[in-house]
Structure formats: structure tokens, C-alpha cells
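In: Here is my input; please provide its structure:
(one chain, ligands or ions: 1)
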Amino acid sequence: MEDPKKPEKAHVLVLPFTGQGHINPMLQFSKRLSSKGIKSTLITTIYISKSLKTTTIATHYGPPIQLRPISDGYDDDGYHQAESTAAYLDSLRTNGPVSLAQLIKKLSEEGDPVNAVIYDGFLPWALDVAKQFGLVGVVFFTQSCTVNSIYYHVQRGLIQLPLMGHGSTTVSVPGAPELQPWEAPSFVHNYGSYPFWFDVILGQFSNIDQVDWVLCNIFYDMEKEEFSYIIVLFGHGFRPTVPSYYLDKRLEHDKDYGLQLLNPNTTLCNNWLDSKPKDSVIYVSFGSAAELTEEQFKELAQGLKNSQHNFLWVVRESEQAKLPNGFIPETSGPGLVVGWASQLEVLANEATGCFVTHCGFNSVLEALSLGVPVVGVPQWTDQGTNGKFVEDVWGIGVRVKVDDDGIVRKKELQECIKEVMEGEKSEEIKRSLSKWKKLAKEAVDEGGSSDKNIDEFVAYLAEMQNVRS
Ligand code: UDP
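Out: Numbering: from 1, shown residues only. Alright, predicted model coming up:
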């Protein structure tokens, strides 16, 4: 652990895309850098920075993380102000680079020059800005190596879309298991859906050949061969970004990510969970972005009620009107519905017995690292591929089947919950989880694969700083 008063080895800007699932791993990575003597400045948007009421995040074991904003073009109301997602993404692409360049100049004028930009793969323009200033450019992929490898193959024309139109019925990339179409990312198997997102995910590889370092949010054992392929293609770097308290505990105060866009109901959830027996609660969350239909809500609500288990269900306020009438007051006994939770605390609580999740990559990584059995209910984007890995590669849970209308029926949900909590597979899943939990801890602990890798990265940054100064 570094002395907070020692001069920093380098100063990096860390630029996540503006979603909780992107901010969490990149902020967590910044904290690990801080513990190794690197100064990190996390970039938010002007809109987010106004709601935060702070300009630093304390790390307790190194320089605090500074927060600095750039403009996405919607400074008053952020994303909500945009007339569509496509308009928001366009505005970010136009305004982001200009504003980032201004910030880099300003920091230099303030006597706090930057050595490197670590940018979210969704924001490839940041690499162009970094290179304009002669800075080190580092891409951080928030999705799995398999998912990135598939997108890379599509972007380079090595997988042609639509799949069926080119005679393919499955998707294969080096090192990864063969995927049925519905197990591939939704933008690939449902070609033409969300064209503006399709541009974003392929854009990740538009200038990747100029990148200096690649960081992936996994640890080596999770995707050995898929990761090795990424290394062959682009360079090196990997690590999981779950807070230290839940893994190696070397950063003892590091218990949460530290920047929530929605307010969690932490006390209510903890008190409620603490009153429940061990392994009795089904935790349900579909993350920060998924939107479900009313019919899907109805099926999930009935399935949970019929399961005869306690359940804690995160339904964001913007989605709550779709719940069946009277469901929230009705569930005040065995069930609790909240607008947002401190997910890590919920997963770490011994009352939690399984996690019904949309298979967002962070949620899966958290379940794997904290040892909670998964019922995967993938919705879109990379979630189907993550669900495949949950069930068939990592063995930490099962996936639901949807009917012909794409809906998960209540009976299916009940059966999957039963399977992971008390069914034939439950013991096997528990064994896999204890193996993964141990591997995740070893990877980040002193001398582990991720720890060594971060040391290499820190040494590289320090060397680059010396070369320039
Ligand atoms: N999360 C949380 N509280 C909630 C739901 C989610 O803190 O009530 C966190 C969760 O721990 C994870 C992130 O939000 O780190 C969601 O990321 P993920 O990749 O799972 O899904 P996304 O929101 O990107 O779809």
C-alpha cells in the first residue's frame, strides 16, 4: 500500500460511458491504481457531476480520486434531455472529444498534467484525443473477452451478418465455445435491432490498432483461451473489479464502488435481509437499463409469489408502474420491492440464497466472486452470451427458457429457482461457486495473476512518465 503523501507515479484520466455498469468497474479499477500510487481523475458528465455534491472520492490508501466533468451536450438533464438514445449517442460523440481536449489542456495549465487516458471501449474517440496530446491510450472493456472478440470479428468482416443470410447457424470465435444464435450478443443474432448501439459496439474496434494497452474486466481463469486470443490481437491487461473487501481484503475500507447514480435503500434492505434465515431470499435485479414489458412483470411477480421463498426485488422507479396492481403493498411480508439496492451488500448477506439476474456482466462477475447461485434471465446486448457462460462454462447457475413470445413464464421461473436453491444441480453449483470465489480472491491477492498484471501496468505508466519528463 502506498503512502498517500508520496508523489504520484503518474496521472491518468479514467473515462467511463455514462451508465452504472460502466462507471462501477472503471471506478473500482481507479481505486486499485490509487493503492499503487497512481493518481486517477474520473471523468463524469456535467449533468452527473451536478447531482454528486462531491469532487473527490476518498480511497483511504492512496491519493483520492478526483472527479472532473466533460460535456455530453446535455448539461441540464443529461440523457433524459435527449429526444432519443440515438440523439444522445450522437451528441456525446460530437461534444465529448472537444470537451475532453479542453479538460486535458486545463489540467496541464493547472500544473496537473495527464500521462494517460483510460477510456471505455464504447468511447473510441477518447483514444484519438489522447494521441493528439501524445498521451498513452488504454482501452478498458467492460464486457467479456468472448463478447468483444465476436464484435471484433463482425467489425473486421470475419463474421458476416445477418447470420442466416450467410449460411451460419452458430457463432464461433477462437477459444470460446460454439454459440447458438440466441447465445450470441443480441446485436449479432438480431441483426438490425438498435442500429445506433450496433455502431457503438463495433466502433470499439475502429481505431484499436493504435491503442497502447488493453484492460479487460475479468480475471485470467474465467476466460483463459478467449483472453489469450485478445492478447494476441491487441496487447495485454486484465483484472476483475469487485471491491477488495469481498475478495482479498487488502484494501479494508473498499466495500462499495463509491458512485451511485440512483439512491439505494441500503438500511431498509439490510434490516429486512437480517431478519430472514440463511439462504432463504431470492434477490432479483435487472440492472440499470433493462426495460421489461407489463406481461413479463406479471409473470415474474406471480412466479416469485408462488416460489414460497422470500424475495427482494429491485424495480427501478421508472419501471414500477408496470408491476401488477397492488403488488408492492401485498408483498410486504415475504417480499420487498425497492427502487435500487446496494447490490454487493445484498449478495454478501447470508440470507441471500440465489440471484435472478439479467446477466449484466458486472452482476455475473459479482455473483461469481461472492458465491451466489444464479438464475439467468438475459434480456439483450451481451447478456445471452453471459448467460451461456453462467450455465455451461462457469457452472454457477442455470438460464431460463423463454416461450415463443419471448416471455419467461411463471412456472419456468419457479422451476429454475427450485433447481438452483434445492434441486439436483444445486450442490454442483455450490461447488463451482466455491472454486470461483477462491480463484477470484487469489487473482487479486498479492502475487495473483491480476495483481501482477496491475503491477506491470503501473510500472509501464511510471516508465512512460519518466520518458516524457
Ligand atoms: N447495482 C446496484 N444496485 C442495484 C442494481 C444494480 O448497485 O439495485 C449495480 C450492480 O452491482 C452492478 C451494476 O449496478 O455493478 C449493474 O451492472 P450490470 O453490468 O450488471 O448491468 P447493467 O446495469 O449495465 O445492465
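In: going forward, measure contacts and count neighbours with C-alpha atoms only.
Out: Fine.
In: Around the ligand, pick out the residues from the stretch 301-450 of the chain.
Out: Residues of the stretch 301-450 of the chain found near the ligand (CA under 6 Å from any ligand atom) are 314, 340-344, 360-363.
In: how near is residue 191 to residue 165?
Out: In this view, residue 191 and residue 165 are 10 Å apart by CA to CA, to the nearest Å.
In: ok, the two, which is more surrounded?
Out: Neighbour count, other CA atoms under 10 Å: between residue 191 and residue 165, residue 191 has more, with 14 against 9.
In: Find the nearest non-adjacent residue to the more buried one, please.
Out: The shortest distance from residue 191 to any non-neighbouring residue, by CA to CA, 6 or more residues apart in numbering, is to residue 162 (5.7 Å).
In: what's near enough to touch residue 142?
Out: Residue 142 makes contact with 21-22, 25, 120-121, 216-217, 361, according to CA atoms under 8 Å, 6 or more residues apart in numbering.
In: Report pLDDT for it.
Out: Listed pLDDT for residue 142 reads 94.
In: With residue 255 instead?
Out: On the pLDDT scale, residue 255 gets 86.
In: Sticking with residue 456, tell me its helix or strand.
Out: Using DSSP states H and E, residue 456 sits within helix 449-468.
In: Give the other helices and strands that that helix contacts.
Out: Judged by 3 or more CA pairs under 8 Å, 6 or more residues apart in numbering; DSSP states H and E, helix 449-468 is in contact with strand 10-15, helix 426-444.
In: Please repeat the previous calculation with a cut-off of 6 Å.
Out: Packing partners of helix 449-468 (3 or more CA pairs under 6 Å, 6 or more residues apart in numbering; DSSP states H and E): helix 426-444.
In: which residues touch the helix it packs on?
Out: Helix 426-444 is contacted by residues 247-248, 369, 371, 395-396, 420, 448-451 when judged by CA atoms under 6 Å, 6 or more residues apart in numbering.
In: So which of the residues you listed is the closest to the ligand?
Out: Minimum distance to the ligand across the contacts of helix 426-444 is 11.8 Å, recorded for residue 369 (CA to the nearest ligand atom).
In: neighbours around the closest one, how many?
Out: By other CA under 10 Å, neighbour count at residue 369 equals 25.
In: sec struct for it, please.
Out: Residue 369 carries the three-state label helix when classified by DSSP: H, G, I helix; E, B strand; the rest coil.
In: what's the neighbour count on the spatially closest residue to it that is not a sequence neighbour?
Out: The shortest distance from residue 369 to any non-neighbouring residue, by CA to CA, 6+ apart, is to residue 437 (4.8 Å). As a burial measure, residue 437 scores 19 neighbours (other CA under 10 Å).
In: for residue 19, same thing?
Out: Neighbours of residue 19 under the rule other CA under 10 Å: 12.
In: Going by neighbour count, which residues of stretch 197-210 are buried?
Out: 197-198, 200-205, 208 (16 or more other CA atoms under 10 Å).
In: Oops, could you answer that again for stretch 65-85 instead?
Out: Those would be 65-75, 78-79, for stretch 65-85 by 16+ other CA under 10 Å.
In: Filter these down to the ones in strands?
Out: Of these, the ones assigned to strands by DSSP state E are 65-70.
In: Format those residues as JSON lines; extra columns: pLDDT and distance to residue 98.
Out: Below are those laid out as JSON lines (pLDDT from 0 to 100; distance: CA to CA, whole Å):
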{"residue": "65", "pLDDT": "94", "distance to residue 98": "23"}
{"residue": "66", "pLDDT": "95", "distance to residue 98": "20"}
{"residue": "67", "pLDDT": "96", "distance to residue 98": "18"}
{"residue": "68", "pLDDT": "97", "distance to residue 98": "15"}
{"residue": "69", "pLDDT": "97", "distance to residue 98": "12"}
{"residue": "70", "pLDDT": "98", "distance to residue 98": "9"}
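In: Just the closest residue of the stretch 1-150 of the chain to the ligand, please.
Out: The nearest approach of the stretch 1-150 of the chain to the ligand comes at residue 21, 3.4 Å away (CA to the nearest ligand atom).
In: mind checking which helix or strand that residue is in?
Out: Element membership of residue 21 [criterion: DSSP H and E] is helix 20-35.
In: thought residue 119 was touching residue 139?
Out: Yes - contact criterion CA atoms under 6 Å: residue 119 and residue 139 qualify, at 5.1 Å.
In: would you turn the ones in strands among the buried residues of stretch 65-85 into TSV with distance to residue 291?
Out: Below are those laid out as TSV (distance: CA to CA, whole Å):
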residue	distance to residue 291
65	32
66	33
67	30
68	30
69	28
70	28
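In: Check the offset of stretch 165-182 from the chain's centre.
Out: Distance of stretch 165-182 from the chain centroid (CA atoms, centre = their mean, to the nearest Å) equals 24 Å.
In: Excluding its own residues, what touches that stretch? List them.
Out: In this structure, residues lying in contact with stretch 165-182 by CA under 6 Å, 6+ apart are 189, 225-226.
In: Show me where the stretch 301-450 of the chain has its helices.
Out: 327-330, 343-348, 361-370, 383-388, 410-421, 426-444, 449-468 (DSSP state H, counting those that start in this stretch).
In: ok, and for the longest one, which residues are buried?
Out: Meaning helix 449-468. Neighbour-count burial for helix 449-468, with 16+ other CA under 10 Å as criterion, is recorded at 449-454, 457-458, 461-462, 464-465.
In: Could you do the shortest one as well?
Out: Of the residues in helix 327-330, those buried by neighbour count under the rule 16+ other CA under 10 Å are residue 327.
In: moving C-terminal of the helix or strand bottoming out on mean pLDDT in the chain, what's the next helix or strand?
Out: Lowest by mean pLDDT, DSSP states H and E among the helices and strands of the chain is helix 224-234, with a mean of 72. Of the helices and strands lying after helix 224-234 in sequence (DSSP H and E), the nearest is helix 266-274.
In: partner strands of the helix or strand following that next one, parallel or antiparallel?
Out: Next along the chain after helix 266-274, taking DSSP H and E as the criterion, comes strand 281-285. According to DSSP bridges, strand 281-285 forms sheet pairs with strand 310-314 (parallel), strand 352-357 (parallel).
In: quick one on the thing from earlier: which of the contacts of helix 426-444 sit farthest apart?
Out: Farthest apart among those by CA to CA are 420 and 451. That separation is 32.2 Å.
In: ok, how many other residues are close to residue 179?
Out: Residue 179 has 17 neighbours, counted by other CA under 10 Å.
In: partners of it in the sheet?
Out: Taking DSSP bridges, one obtains residue 171 as the residues bridged to residue 179.
In: And it, how close does it get to the ligand?
Out: 21 Å (CA to the nearest ligand atom, to the nearest Å).
In: just to revisit the earlier point, from the contact counts, what lies against the following helix or strand past the helix holding residue 21?
Out: Where DSSP H and E defines the elements, the next helix or strand beyond helix 20-35 is strand 38-45. Using 3+ CA pairs under 6 Å, 6+ apart, the elements in contact with strand 38-45 are strand 10-15, strand 65-70.
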